[in-house]
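Enquirer: Here you go, sequence then predicted model.
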Amino acid sequence: MCSTGVVYKKRRYCNTYQFFFPLSADELIANAAYIGSPGKGILAADESTGTIGKRLASINVENVETNRRALRELLFTAPGVLQYLSGVILFEETLYQKTAAGKPFVDVLKEGGVLPGIKVDKGTVELAGTNGETTTQGLDGLAQRCQQYYKAGARFAKWRAVLNIGANEPSQLAINENANGLARYAIICQENGLVPIVEPEILVDGSHDINKCADVTERVLAVVYKALNDHHVLLEGTLLKPNMVTPGSSSPKVAPEVIAEHTVRALQRTMPPAVPAVVFLSGGQSEEEATLNLNAMNKLKTKKPWTLSFSFGRALQQSTLKAWAGKDENIKKAQDALLTRCKANSEATLGTYQGGGALSEGASESLHVDNYKY
Amino acid sequence: MSCYKGKYADELIANAAYIGSPGKGILAADESTGTIGKRLASINVENVETNRRALRELLFTAPGVLQYLSGVILFEETLYQKTAAGKPFVDVLKEGGVLPGIKVDKGTVELAGTNGETTTQGLDGLAQRCQQYYKAGARFAKWRAVLNIGANEPSQLAINENANGLARYAIICQENGLVPIVEPEILVDGSHDINKCADVTERVLAVVYKALNDHHVLLEGTLLKPNMVTPGSSSPKVAPEVIAEHTVRALQRTMPPAVPAVVFLSGGQSEEEATLNLNAMNKLKTKKPWTLSFSFGRALQQSTLKAWAGKDENIKKAQDALLTRCKANSEATLGTYQGGGALSEGASESLHVDNYKY
């Protein structure tokens, strides 16, 4: 049974448990539902300093604080973009940054009807005795950090767990450990007013077929939802950020309709309807691929009692980054590219994307990097 | 897929979906010989094979009734019985568009070291039995696991053991062509409130669906037969809308949409109570990606039994009573039941018996 939370400073009896929350469960439920609004999705702009450095390097831009700030300002102030977003995930540094004119980014987002989110995990560490499998760290002091982030304006959080498919992977240890970490993170977030995005990413690396990916995804999601239940997480106040079900990166590609069918079926078999929305990760798919796959899912005529939307990083920013190339005179062009992808993905959440269209340079470029480390 | 897809997969999916047809539900007529004996005794009828046969014939040939049913659960003896005119019951049902089902568990046994908690037996030779039942015309099966709410109950052992038993039973059924009805009944006995029942129901269902996933059960080819979420039998009653809200929410939090339908047990509720609660659930405006229907035993047969009283001259009256309840519950699956109506004697009578043993 979940914890349903209480209004500030009042105790309310909930089942056999008494919980004291500083904020009500109603806020979590409302925010999670808002993020899942049809026609909107999430821009994942939470690249750590190291990771954003790689992106900047690819366009010959120096990885210094002003450039990181400039890039995010370009994204968040792009005209017409915020209407297609319900949330933006930020890295800690960005949560406290401002526009060049001095306006806090969180205010820019809020005024645009977009909830600020915050990446709260501290990366992965290897599990001894496994073949390079990992678990995610970040639980220490997490409650206090969540409280600070809430004060700073964040209303949802993200924690990325990583699994991979191999001859003996993912192992039961890796699945269990990552699922438990996600559940602990989730309940701590909820106790402190942040909607937890639960992200159990199964990497696309490998030569397996789509059925293998479906099998692993279904098993992993079953463990994850059992763990969330064990830890009393309020499902109505969470979101899921899973991989789509696809063939491995070394295997022949399949049509979006095939990916859509396998992905939605995996969710039908494991995800309770209480969860308001799924915000897919793009995991190395090109911008156009990710949009076409999401669109195909939303066109499927089958039981889908949750919104199917996006939480894309590379698949929303690739064209924008290339167009910007670090030059002020390119800002408008770069912002237009972002608008194009946001609008396309907004349509994909409604199943109305026509495909192709004005593809910017790089929109069809695969963004897969073997063994990608964020 | 993480589920097992054997040669019966398409048939299982089609049959499970059919059982979940809106406007239809299940008549649970699978009382064991001992249990049906108690029912017959209550109307002063001797517990012999001909009487058991006569009662079931009364039920299955009641005019107008089969249209409201998608399935009937049978006890093994009944699966092989015929009408007085010599027509096999399974044929009567099939011609009426009703799938025959079969109770396959062998009752409960106590778990040592617990406070009277039980697990359900029946796995030995289950595959062979399922094959025989399939040959005889059965297309779905039922296995009842029982848990109770108490100071320290249900224990993790009882939940795990019963869930594992349900999962083994389910996969064996699917391997042999029978849609498994998964029944994790949490008894209504007790003085707990509705929130406690909700808490326990959600925890139990989470364990059950994890077990089904672990055992590679094809969810699209299963049905769930749970208790409704209600206050304990010694606690004050609440309105049908409250029961509906708590019950549907418990399912939303634990039951994947791949499951086509829920067929609630009545667990001691009166005929009218059970119908009103089911109706309230179907009126709720909320996410319900599965049909919400019935699998009632006592809550469909109580009035009928009383009206029959073992006498041939009462058969028509008894069949009318059954028709009334079947139609009422059919409407309840659509959320259109108006309530009250022509209540037969006994329709409002609680059917709760403390510590009920089937």
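Expert: Everything's here; your move.

Enquirer: which parts of chain A sit against chain B?
Expert: Contact residues (CB under 8 Å from any CB of the partner chain) of chain A with chain B: A:1-2, A:13-16, A:211, A:214-216, A:218-219, A:222-223, A:225-226, A:229-230, A:235, A:265, A:268-274, A:303-305. C-beta coordinates here come from the backbone N, C-alpha and C atoms, glycine included.

Enquirer: which of the residues you listed count as buried?
Expert: Applying 16 or more other CB atoms under 10 Å in any protein chain shown to the residues of chain A next to chain B, the neighbour count classes A:1-2, A:14-15, A:214-216, A:218-219, A:222-223, A:225-226, A:229-230, A:235, A:265, A:268-274, A:303-305 as buried.

Enquirer: can you count the residues close to the residue nearest to residue A:99 when sequence neighbours are not counted?
Expert: Spatial nearest neighbour of residue A:99, excluding adjacent residues (CB to CB, 6 or more residues apart in numbering or on different chains): residue A:73 at 5.2 Å. Neighbour count for residue A:73, taken as other CB atoms under 10 Å in any protein chain shown: 20.

Enquirer: Same check on residue A:250?
Expert: Using other CB under 10 Å, the number of residues around residue A:250 comes to 12.

Enquirer: Just give the number of residues close to the nearest residue in space to it that is not next to it in sequence.
Expert: In space, and not counting its chain neighbours, residue A:250 is closest to residue A:207: 4.2 Å by CB to CB, 6+ apart. Applying other CB under 10 Å, we find 12 residues neighbouring residue A:207.

Enquirer: Next, residue A:117: secondary structure please.
Expert: At residue A:117 the chain is in strand, as set by DSSP: H, G, I helix; E, B strand; the rest coil.

Enquirer: Could you measure from it over to residue B:226?
Expert: 36 Å (CB to CB, to the nearest Å).

Enquirer: What pLDDT is listed against residue A:365?
Expert: For residue A:365, the pLDDT comes out at 73.

Enquirer: quick one, what contacts it?
Expert: Neighbouring residues of residue A:365 by CB atoms under 8 Å, 6 or more residues apart in numbering or on different chains: A:286, A:287, A:318.

Enquirer: Pull out the buried positions in stretch A:72-92.
Expert: By 16+ other CB under 10 Å, the buried positions in stretch A:72-92 come out as A:72-78, A:81-82, A:84-92.

Enquirer: My error: substitute stretch A:103-122 in the last question.
Expert: By 16+ other CB under 10 Å, the buried positions in stretch A:103-122 come out as A:104-106, A:108-109, A:114-121.

Enquirer: still on that earlier bit, checking the residue nearest to residue A:99 next. Helix, strand or coil?
Expert: helix.

Enquirer: my guess is it contacts residue A:100, does it?
Expert: Yes - with contact defined as CB atoms under 8 Å, residue A:73 and residue A:100 form a contacting pair (6.6 Å).

Enquirer: which residues pair with residue A:42 across the strands?
Expert: Counting by DSSP bridges, residue A:42 is bridged to residue A:87, residue A:311.

Enquirer: What ranges does the stretch 101-250 of chain A have for its strands?
Expert: A:115-119, A:124-126, A:134-136, A:156-163, A:195-202, A:239-240 (DSSP state E, counting those that start in this stretch).

Enquirer: Each with direction, which strands does the first one pair with?
Expert: Taking DSSP bridges as the criterion, strand A:115-119 forms sheet pairs with strand A:85-90 (parallel), strand A:156-163 (parallel).

Enquirer: want to throw those strands into CSV with mean pLDDT?
Expert: Shown next, in CSV, are these (pLDDT from 0 to 100):
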stretch, mean pLDDT
strand A:85-90, 98
strand A:156-163, 98
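
Enquirer: What sits closest to residue A:352 if chain neighbours are left out?
Expert: The shortest distance from residue A:352 to any non-neighbouring residue, by CB to CB, 6+ apart, is to residue A:295 (7.7 Å).

Enquirer: Roughly how far does that neighbour sit from chain B?
Expert: 21 Å (CB to the nearest CB, to the nearest Å).
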